[in-house]
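Q: Kindly generate the corresponding structure for this input.
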Amino acid sequence: MSTIEDLKSLISKKGGVARANRFNVIFTPPTQSLLNINPQQIFSSVISKNFSAKNLINDPRDISILCSAAALPGRQISTLDYQAEKQTIKIPYNVIDEEVVLKFIITNDYYIKTMMDSWVNSIIDLEDFTVGYKKETTADVVIQQLDEKNTPIYGVKLINAFPTTISSVELGNENENSIQELSVTMSYDKYVPEGPLSSTGSALRAALDIFG
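A: Numbers count the residues shown, from 1 in each chain. The predicted structure is shown next:
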C-alpha cells in the first residue's frame, strides 16, 4: 500500500504538480493587423484622456495577458453498439473534440470585445449575411500549461479555430467593484497535443501571424 511519502517522492521525481493558474493562450485573429487604426477607439481614448501612442501598435502578447481563464480540451470517442454472439460490445467510429471557452478581462478601450466583434463579422457579414472563406476567417490557437518558471510543459494547438459564441456583458449598479469579463467559445477542426519544444514553436508562429 502506498504511503504519503511515496506520493511526495513521486511528485518530486516528476518535477512537482501542475498549477491551474500557470497557463498561456496565444493567437492572432485573422482580422487583426499590426497597426490599430480604429478611429472610434482612438477618439474614445482621447476623450477619456487614456490615449497612448503605444496603443496604435497591436502587441500579440496583449491577448495572452488579458486571458483570465482557459481549458485544455477533452476528447471523446463515439461508439456504436454491436451485437456479438453473447453480448453487446462497443465499436469506435469517430472522435469528438470539446469546444473551448476562453475568458478575457475587458479594458476601458474594449479591445477584446471590439476584436471579437470584428472577427465574427468577418465570418458572417452582418449587413448582407454572406459567409467568409474559412481559410480567411480562422486562426490556430495555442494553449499552454506552464511550470512555476513560466516554461511550457505541455500544450495543444487548436487547428482553424473561430469564435462561435460571444457572451453578453452584464451591466448593473450592484456590480460597482466587479471586473468586466468576456467569455468566448471557440470551435475548431481538431486539436493537436504538443510537447514543450513544439508548443513553443507553435506559439511563436501564432503570435507572428499579426505580421502577415
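Q: max-length strand in the protein?
A: Looking across the chain with DSSP state E, the single longest strand is strand 152-166.
Q: Show me what the helix or strand just after that one packs onto, helices and strands only.
A: Per DSSP states H and E, the first helix or strand lying C-terminal to strand 152-166 is strand 181-187. Packing partners of strand 181-187 (3 or more CB pairs under 8 Å, 6 or more residues apart in numbering; DSSP states H and E): strand 100-105, helix 111-123, strand 152-166. Every C-beta, even on glycine, is put in place using the N, C-alpha and C of the backbone.
Q: Can you list the strands that strand 181-187 pairs with?
A: strand 100-105 (antiparallel), strand 152-166 (antiparallel) (DSSP bridges).
Q: now the angle from the last one to helix 111-123?
A: This means strand 152-166. 70 degrees (axes from the mean of the first three to the mean of the last three CA atoms, to 10 degrees).
Q: what comes up buried for strand 152-166?
A: Residues of strand 152-166 classed as buried by neighbour count (16 or more other CB atoms under 10 Å): Pro152, Tyr154, Gly155, Val156, Lys157, Leu158, Ala161, Phe162, Pro163, Ile166.
Q: Distance to Asn108 and pLDDT added to the residues you listed, as a markdown table?
A: Formatted as a markdown table, the buried residues of strand 152-166 follow (distance: CB to CB, whole Å; pLDDT from 0 to 100):
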| residue | distance to Asn108 | pLDDT |
| --- | --- | --- |
| Pro152 | 31 | 94 |
| Tyr154 | 34 | 95 |
| Gly155 | 31 | 96 |
| Val156 | 32 | 96 |
| Lys157 | 32 | 96 |
| Leu158 | 29 | 97 |
| Ala161 | 27 | 97 |
| Phe162 | 27 | 97 |
| Pro163 | 22 | 97 |
| Ile166 | 19 | 96 |
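Q: about what we covered before: which one, of the strands paired with strand 181-187, ends up nearest to Asp209?
A: strand 152-166 (12.2 Å; CB to CB).
Q: and that closest one, how far out from the chain's middle?
A: 5 Å (CA atoms, centre = their mean, to the nearest Å).
Q: Next: stretch 155-174.
A: That offset, for stretch 155-174, works out to 8 Å (CA atoms, centre = their mean).
Q: how about the strands in the chain?
A: Secondary structure of the chain (DSSP E): strands located at 23-26, 67-69, 75-83, 88-97, 100-105, 139-146, 152-166, 181-187, 190-194.
Q: Please work out which of those strands is packed deepest.
A: Among these, strand 139-146 has the highest mean neighbour count (mean count of other CB atoms under 10 Å), at a mean of 23.
Q: Where does pLDDT dip in this structure?
A: Residues of the chain meeting the criterion pLDDT under 70: 33-58, 210-212.
Q: just to revisit the earlier point, present the strands of the chain as TSV; the columns should include distance to Ser118.
A: Conversion of the strands of the chain to TSV gives the following (distance: least, CB to CB, whole Å):
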stretch	distance to Ser118
strand 23-26	18
strand 67-69	18
strand 75-83	31
strand 88-97	26
strand 100-105	14
strand 139-146	13
strand 152-166	11
strand 181-187	13
strand 190-194	24
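Q: how about these, which one is nearest Lys113?
A: The closest of the strands of the chain to Lys113 is strand 181-187. By CB to CB, the value is 5.6 Å.
Q: who's in contact with the closest one?
A: 68, 99-106, 112-113, 116, 141, 158, 161-167, 169 (CB atoms under 8 Å, 6 or more residues apart in numbering).
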